[in-house]
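[1] Make a model of this:
(one chain, ligands or ions: 1)
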Amino acid sequence: MFKHKNITPKFGVELLDDPQLTEFTDPKIKHLNELAAEYGVIVARNQVMTMEQQAAFAHKLGTPLTTPINKNDVPDELIVIKANEHSKRVAGEGWHSDVSSNAQPPGLSMLRMEIVPESGGDTLFANMVEALATLSPKMQVFLKELTARHDPRGHYLYLSGAKTLDELPSAIHPVVRTHPISGKEALYVNDGFVGKIVELSDSESNALLKMLYDHIAYSVNIQCRVRWEPDTVVFWDNRIVQHHAAFDYSPSVRKGYRATIQGETPTRL
Ligand code: SIN
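    Coordinates of the predicted model:
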């Protein structure tokens, strides 16, 4: 339906001819979801839109998560992603899948950048279908029997408006989940949210998670990297993708808005 070029053969695409997201009707939204299910990451350049148009687009994708603490007319559907000369850290540093501690964690995230540093500030992505497929067959079989506890973490406590982490429940999800559109299996544990593999002892769980996180971080052949321009929009499918925001541009400014769309209860078919 729209033309794209691949970022790597199996992971990440960039849309060609700048189709304007604000004009998308249902068939194009369906195609966007299918493309995300297949390639994990979609880059759309030259997308001029207001915060309200981005929020409206998020509703076309599904049910957006809301951020009750927003100020300055930022719609509840958006999270402000920003760093300036005072920033010591930024949201999204470290490999993670968005808000996986939710019972129905996000499917697509949609990040639109307005201000980008002259260089740096890329987002790195890792393909969890390939992360699973590049483990040994015996390890894959072992992982498919396991579940993991995903705990809410500090940044999302702030965004949710809750006062203490106790107000936000943890969730148990399968360590390997099946994508509802593609039917592909993907590794679904991430360093940002997972507290423990439920069926293992603490030390076994720590050792296994460390091995898996090293596998994700060091396997450059299952990763891609997106260089931002102003008005770039990137979609990623959190069911099969982890991401990591590089913070290599201090003291420059980087600012954008993320809409995060609720997914389904993760299952393994
Ligand atoms: C995030 O959504 O984790 C932030 C990603 C980024 O700023 O590149």
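
[2] what separates whatever residue of the chain ends up closest to the ligand from L35, distance-wise?
    Closest to the ligand within the chain is G92: 2.5 Å, counting by CB to the nearest ligand atom. To be clear about C-beta, it is placed using only N, CA and C from the backbone, and glycine gets the same treatment. Plainly put, G92 is 22 Å away from L35 if you go by CB to CB, to the nearest Å.

[3] Figure out the helix or strand that I261 lives in.
    strand 254-262 (DSSP states H and E).

[4] buried stuff in that strand?
    R254, G256, Y257, R258, A259, T260, I261, Q262 (16 or more other CB atoms under 10 Å).

[5] ok, back up a step: what's the neighbour count on the closest residue to the residue of the chain closest to the ligand other than its chain neighbours?
    For G92, ignoring the flanking residues on the chain, the nearest one in space by CB to CB, 6 or more residues apart in numbering is A245 at 3.5 Å. Residues lying near A245 (other CB atoms under 10 Å) number 20.

[6] cool, the one 5 residues further on as well?
    Using other CB under 10 Å, the number of residues around S250 comes to 18.

[7] mind checking the SS state of it?
    Recorded secondary structure, S250: coil (DSSP: H, G, I helix; E, B strand; the rest coil).

[8] Is the nearest residue to it once chain neighbours are set aside within a helix or a strand, and which one?
    Leaving aside its chain neighbours, S250 sits nearest to S87 (6.4 Å; criterion: CB to CB, 6+ apart). S87 belongs to no helix or strand when assigned by DSSP H and E.

[9] Show me what the strand holding I261 is in contact with.
    Residues from elsewhere that reach strand 254-262, judged by CB atoms under 8 Å, 6 or more residues apart in numbering: 51, 54-55, 57-58, 61-65, 74, 77-83, 90, 98-99, 102, 104-117, 121, 228.
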